[in-house]
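Participant: Dropping a prediction and its sequence here:
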Amino acid sequence: MVLTATEALLHPSPPWWPSLWPTSWATTAVLLSGWIGLRLKQKHVQQQISRADDADPDAPAPGTSTAYGQAA
């Protein structure tokens, strides 16, 4: 959107400007693909944790301790 607004309002004419437009689209595609991959990995890990919790409902959550300190 920023590139479109710049082009519409300022009418840039440097020789490198036309190459910036497809570069921004390619960058968007790469970043979107990376985000999708990371999101799928996150969902996979969450499903594994959910399955582990279902196997033993009395087990503490990962990263927690069953030892309690002294109350105030």
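Facilitator: On my side now, so go ahead.
Participant: what separates residue 48 from residue 54, distance-wise?
Facilitator: Distance of residue 48 to residue 54, computed by Cβ to Cβ, to the nearest Å: 11 Å. Backbone N, C-alpha and C define where each C-beta goes, glycine included.
Participant: what do you get for residue 8?
Facilitator: Look at residue 8 and residue 54: by Cβ to Cβ, they are 55 Å apart.
Participant: do the same with residue 41
Facilitator: Applying Cβ to Cβ to residue 41 and residue 54 gives a distance of 21 Å.
Participant: cool, residue 42 as well?
Facilitator: Residue 42 is 19 Å from residue 54, where distance means Cβ to Cβ.
Participant: With residue 36 instead?
Facilitator: Residue 36 sits 27 Å away from residue 54, taking Cβ to Cβ as the criterion.
Participant: So, low pLDDT: which residues of this protein?
Facilitator: For the chain, applying pLDDT under 70 flags the ranges 12, 53, 55-72.
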